[in-house]
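>>> sharing a model prediction with you, sequence too.
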Amino acid sequence: MYEDIYIVGFSIDATLAWLCSEKSVSAVFVFYGSRIRQYLHIRPKVPTVVYFAEKEISFNPQIILVQLQQKNQVYTHLVNKSHGYMNPFDKNFDKLAADKSTNEIFTWIKL
């Protein structure tokens, strides 16, 4: 049996991770979860850290962030980058921003 379970999700997997935030896991970290907007009724029971890129084509992250910031256990970050900033294979990859976000996750899980 594991003592700690952390879920990290990107894009569509971010929405799945968001849905898991009501379960018995240690923490949830989501990146670019545009479809979270369809599941705003979810009430995370564990620390849930949400990262949105400021520059998104398909939705306005600021609108979702305002709603998420009103929830307990939700910690939001609006990163001044484009979607894909965490992905080293994406044209929008930004190593400094990706390293900063990764280090923030490590702080949460105390690595």
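That came through fine.
>>> look up the closest residue to the residue sitting nearest the centre point of the chain, ignoring the ones flanking it.
What sits nearest the mean C-alpha location of the chain, by C-alpha atoms, centre = their mean, is V30, with 2.2 Å. Closest residue to V30 apart from its sequence neighbours, by C-beta to C-beta, 6 or more residues apart in numbering: A14 at 3.8 Å. (Glycine included, C-beta is placed from N, CA and C.)
>>> wait, what's in contact with the one you found?
Residues near A14 by C-beta atoms under 8 Å, 6 or more residues apart in numbering: V30, F31, Y32, G33, R35, I36.
>>> would you agree A98 is in contact with Y85?
Yes: counting by C-beta atoms under 8 Å, a contact exists between A98 and Y85, whose distance comes to 6.1 Å.
>>> which one of these two is surrounded by more residues?
Y85 (24 against 18; other C-beta atoms under 10 Å).
>>> show me what counts as buried in the longest helix seen in the chain.
Longest helix in the chain, counting residues (DSSP state H): helix 95-109. In terms of neighbour count (16 or more other C-beta atoms under 10 Å), helix 95-109 has its buried residues at A97, A98, S101, I105.
>>> ditto for stretch 49-58
Here stretch 49-58 shows V49, V50, Y51, F52, A53 as buried, counting by 16+ other C-beta under 10 Å.
>>> among those residues, name the ones in helices.
Per DSSP H, these never map to helices.
>>> ok, those residues vs Q69, which is closest?
V50 (9.4 Å; C-beta to C-beta).
>>> from G84, how far off is the closest one?
17 Å (C-beta to C-beta, to the nearest Å).
>>> over to Q73?
27 Å.
>>> neighbour-wise, which of these two wins?
Neighbour count, other C-beta under 10 Å: between Q73 and G84, G84 has more, with 20 against 15.
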